[in-house]
Structures are given as structure tokens and as C-alpha cells.
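Chemist: Have a look; sequence and predicted model below, questions after that.
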Amino acid sequence: MTPQLKEKILEVCNKKIAQKGANVGISFYAFFKNKNDNPTLLMEAATWWIETHKLDHFEKAIKIKELIKSL
């Protein structure tokens, strides 16, 4: 996983947890704007989320944060 994506995921998870609490759920789309301005990074996130970890569409932000920190 690229440092750029790792940093973005941690940033979004921390923000969502601070706003909505430890039980907030997110999908990998939360790491991107509503337009596809970086398809390579989007595919990297999708591959990591879906193929590598076989995660559900929505997962707890805290779980994603811990997975990223373990890399």
C-alpha cells in the first residue's frame, strides 16, 4: 500500500471517529471525493479492501484504522 493511501485512510478514519464516535462505519469510497480524480489510488483501495481483506461494504472505522496501522 502506498504511503499516500495509508495516510489518507488514517486521516479519514480519525476524522469520522472524532465526528461520530467509535462505532462509525465507512466504506472505501469514504477516502475519495465524489468524482473519480485518481482511478489508480481508488483501485488500490478497492483491491486492498475487497480482494486482500474480503471486507464488507461498510466496516467500522476503528477496524480499518487498526488494519492500516498493522501494515
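Modeler: Yep, it's here. Numbers count the residues shown, from 1 in each chain.
Chemist: For Thr2, see how far away the closest residue to Ala45 other than its chain neighbours is.
Modeler: Residue nearest to Ala45 in three dimensions, not counting chain neighbours: Phe28, with 4.6 Å by CB to CB, 6 or more residues apart in numbering. For glycine as for every other residue, the C-beta is placed from the backbone atoms N, C-alpha and C. Taking CB to CB, to the nearest Å as the measure, Phe28 falls 14 Å from Thr2.
Chemist: longest helix of this structure?
Modeler: helix 3-20 (DSSP state H).
Chemist: got the buried residues for it?
Modeler: Leu5, Lys8, Ile9, Val12, Cys13, Lys16, Ile17 (16 or more other CB atoms under 10 Å).
Chemist: got the phi/psi numbers for Lys35?
Modeler: phi -110, psi 150 (degrees, to the nearest 10).
Chemist: mind saving the C-alpha coords of the helix or strand bottoming out on mean pLDDT in the chain as PDB?
Modeler: In the chain, no helix or strand scores lower on mean pLDDT, DSSP states H and E than helix 39-46, which sits at a mean of 92. Output of helix 39-46 as PDB, limited to C-alpha atoms (Å, rounded to 0.1, in the frame of the first residue of the first chain):
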ATOM      1  CA  PRO A  39      -8.500   6.000 -10.500                       C
ATOM      2  CA  THR A  40      -5.200   4.300  -9.700                       C
ATOM      3  CA  LEU A  41      -5.500   5.100  -6.000                       C
ATOM      4  CA  LEU A  42      -9.200   4.100  -6.000                       C
ATOM      5  CA  MET A  43      -8.400   0.700  -7.500                       C
ATOM      6  CA  GLU A  44      -5.600   0.300  -4.900                       C
ATOM      7  CA  ALA A  45      -8.000   0.900  -2.100                       C
ATOM      8  CA  ALA A  46     -10.700  -1.300  -3.600                       C
END
